[in-house]
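1. Need a 3D model of the sequence below.
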Amino acid sequence: MATYTCDKCGMSVNVSCATCGKPLVDGTITTDSGVEVEVSKCPDGHGMIKSPLCCGQDMACAV
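-> Here you go, the predicted structure:
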């Protein structure tokens, strides 16, 4: 399961798909400008989210 943790305060969250209930899996996408962005994807293809924010910064993901 994708677990996001804030490097600054230590808060963590687990994420799952609201459509099928399966844990999201860690992944990356590359934007049109060439920037690599960390995302979590539904293993059944229901979509993906960008990593959540905490303390004004992206949370790191550990699987």
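
2. so who does residue 13 touch?
-> Neighbouring residues of residue 13 by CB atoms under 8 Å, 6 or more residues apart in numbering: 3, 4, 52, 59. For every residue, glycine as well, the C-beta is placed using N, CA and C.

3. Would you show me how to pick out the buried ones of these in PyMOL?
-> Of the contacts of residue 13, the buried ones go into a single PyMOL selection, burial set by 16 or more other CB atoms under 10 Å:
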select buried, resi 3+4+59
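
4. Please flag which of the contacts of residue 13 sit within strands.
-> Counting by DSSP state E, these place 3, 4 in strands.

5. could I get the contacts of residue 13 as a markdown table with distance to residue 34?
-> Rendered in a markdown table, the data for these read as follows (distance: CB to CB, whole Å):
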| residue | distance to residue 34 |
| --- | --- |
| 3 | 28 |
| 4 | 24 |
| 52 | 23 |
| 59 | 23 |
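
6. out of the contacts of residue 13, what pair is the most spread apart?
-> 3 and 52 (11.0 Å; CB to CB).

7. What's the local residue count around the residue nearest to residue 30 when sequence neighbours are not counted?
-> Nearest non-adjacent residue to residue 30, counting by CB to CB, 6 or more residues apart in numbering: residue 36, 5.4 Å away. Neighbour count of residue 36, defined by other CB atoms under 10 Å: 9.

8. Use 61 as the first number from now on
-> Yes, from this point I'll number from 61; that puts the last item at residue 96.

9. residues contacting residue 96?
-> 88, 89, 90 are the contacts of residue 96 under CB under 8 Å, 6+ apart.

10. Check it and give its pLDDT.
-> If you check residue 96, the pLDDT there is 92.

11. for residue 67, same thing?
-> For residue 67, pLDDT reads 92.

12. Which helix or strand contains it?
-> Of the helices and strands defined by DSSP states H and E, none includes residue 67.

13. residue furthest from the geometric center of this structure?
-> Within the chain, the residue lying farthest from the chain centre (CA atoms, centre = their mean) is residue 93, at 20.2 Å.

14. what residue ranges in this structure score low on pLDDT?
-> Within the chain, the segments meeting pLDDT under 70 span 61, 122-123.

15. so where do the strands sit in it?
-> Assigned by DSSP E, the strands in the chain fall at 63-65, 72-74, 85-90, 96-101, 108-110, 113-114, 117-118, 120-122.
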